[in-house]
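Fold the stuff below for me.
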Amino acid sequence: MALFKNLRLKAGRYLLHKRLSSLRRMQPEFNIENVKKIGILWDATYENEFQHLAAFNRQLAEMGKSVEVMVWIPGKIVPDRLTGLTYMKFLRRTDLNWAYMPVSEDAKQFMATRFDLVIDINPSSLFQLSALAALSPAPMKAGPDVTDEPGKTPYDLMIKTPKPFSTALFIEQTMHYLSMISSPDNRA
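Numbering: from 1, shown residues only. Predicted coordinates:
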């Protein structure tokens, strides 16, 4: 079973690499103040950390930023406290093709949306969320530094967090460093 899964993942990585070769991203100077539309990818395996995501969404809304969250649901049923939230879309196993590539309409719409910033809260490095981040044309992508091969990640900014992974700390650090690189005093 693991052999078949690894084969499917390898095929998915190949297909992703092939699609990425045609994707062109514009990377103008980044300024967090100018960001209007934010896409967030979140692994709901860590559902107990939802309150941090909800607080972050409220904070961004108060700043006048539009947020869309694509949530990976590891089981068959969406948890009750996640349903009814208009800013969330869900990705399940049935929304993936045989190579674990997201193929649902919501996933296609997420990949086609021109976000100013994509934040991937994906501590398990799930391929399906990383693929969505990679295929997004967003000019700035942030994610956790949890892999042994950082050169193969789709992120422009990687945040190292201690184990066990803390969503609150990751969000805090991401916003801190995005603010830092937005400052004209810190640019080279």
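
how far is the lengthiest helix in the chain from where the chain is centred?
Secondary structure of the chain read by DSSP state H shows that its longest helix is helix 2-20. Shown here is helix 2-20, whose average C-alpha point lies 19 Å from the average C-alpha point of the whole chain (CA atoms, centre = their mean, to the nearest Å).

Please name the residues that touch the spatially closest residue to S66 that is not a sequence neighbour.
Nearest residue to S66, sequence neighbours excluded (CB to CB, 6 or more residues apart in numbering): K37, at 4.8 Å. The way it works is simple: take the backbone N, C-alpha and C, and place the C-beta from them, glycine included. Taking CB atoms under 8 Å, 6 or more residues apart in numbering as the criterion, K37 is in contact with 65-66, 68, 113-117.

redo that, cut-off 10 Å
With contact set as CB atoms under 10 Å, 6 or more residues apart in numbering, K37 has these partners: 65-68, 113-118, 138.

hang on, isn't L132 packed against V69?
No - in this structure, L132 is not within contact of V69 by CB atoms under 10 Å, at 11.6 Å.

joint contacts of these two?
With CB under 10 Å, 6+ apart as the test, L132 and V69 both reach 39, 41, 110.

Quick check, pLDDT for the nearest residue to R114 once chain neighbours are set aside.
Closest residue to R114 apart from its sequence neighbours, by CB to CB, 6+ apart: P137 at 6.0 Å. The model reports P137 with a pLDDT of 89.

where's P137 relative to I159, distance?
Per CB to CB, to the nearest Å, P137 is found 22 Å from I159.

By neighbour count, which of the contacts of K37 wins?
Counting by other CB atoms under 10 Å, V118 has the largest number of neighbours within the contacts of K37, with 28 neighbours.

tell me the contacts of that one?
When contacts are taken as CB under 10 Å, 6+ apart, V118 is in contact with 37-41, 68, 70, 110, 132-134, 136-143, 154-156.

hey, where'd the helices end up in the chain?
Using DSSP H, the helices of the chain run over 2-20, 50-62, 105-112, 127-135, 167-182.

Of these, flag the one that's most buried.
helix 127-135 (a mean of 22; mean count of other CB atoms under 10 Å).
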